[in-house]
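Trainee: below are the sequence and a predicted model for it; my questions follow.
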Amino acid sequence: MLIVLALIWGGSVGAALHFGLPRRQLRGAALGPMLGAAVGGAVWLLLTWLGLEETGWIWLASLTVPIIVTWLTLVVLDRTRVDHDERERARLGIV
């Protein structure tokens, strides 16, 4: 049942990162929260399967990993999108 807290935390972090990072108009509004929730839930699930129930490590990992993974993913996707758009504009001859 505690996995729900990891899902909520991940979704909240994803929403905060979506609105906090620049170029949010280049990605969908649900991408950050969904990614954060999925990562938070996956980390909790993985560590539970490894036997780390109710320890400090499962909480620490479930709180920090979604922040890091979601931030890195959004930054990489933004840069990839900007580079692709610039190449496409050059190919089409648009200023």
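Mentor: Yep, that arrived.
Trainee: so what's the most centrally placed residue in the chain closest to, chain neighbours aside?
Mentor: Closest residue to the average C-alpha location of the chain: T70 at 2.2 Å, with C-alpha atoms, centre = their mean. Distances taken as C-beta to C-beta, 6 or more residues apart in numbering put G36 closest to T70, at 4.5 Å, once the chain neighbours are dropped. Quick note: C-beta positions are derived from backbone N, CA and C, even for glycine.
Trainee: would you mark the buried spots in the strand or helix carrying the one you found?
Mentor: Applying DSSP states H and E as the criterion places G36 in helix 31-49. Neighbour-count burial for helix 31-49 flags 31-44, 47-48 (criterion: 16 or more other C-beta atoms under 10 Å).
Trainee: for A15, state which of those is nearest.
Mentor: P33 (4.5 Å; C-beta to C-beta).
Trainee: ok, the closest one touching H18?
Mentor: Yes. P33 is within contact range of H18, at 6.8 Å (criterion: C-beta atoms under 8 Å).
Trainee: circling back: show me the contacts for the residue nearest to T70.
Mentor: If you count contacts by C-beta atoms under 8 Å, 6 or more residues apart in numbering, G36 has them with 9-15, 17, 66-67, 70.
Trainee: try it again with 6 Å
Mentor: By C-beta atoms under 6 Å, 6 or more residues apart in numbering, the contact set of G36 is 10-11, 13-14, 66, 70.
Trainee: and for V76?
Mentor: Neighbouring residues of V76 by C-beta under 6 Å, 6+ apart: there are none.
Trainee: which of the residues in whichever strand or helix holds it are buried?
Mentor: Assigned by DSSP H and E, V76 belongs to helix 56-92. Buried residues in helix 56-92, counted by 16+ other C-beta under 10 Å: 58-59, 61-63, 65-67, 69-71, 73-74, 77-78.
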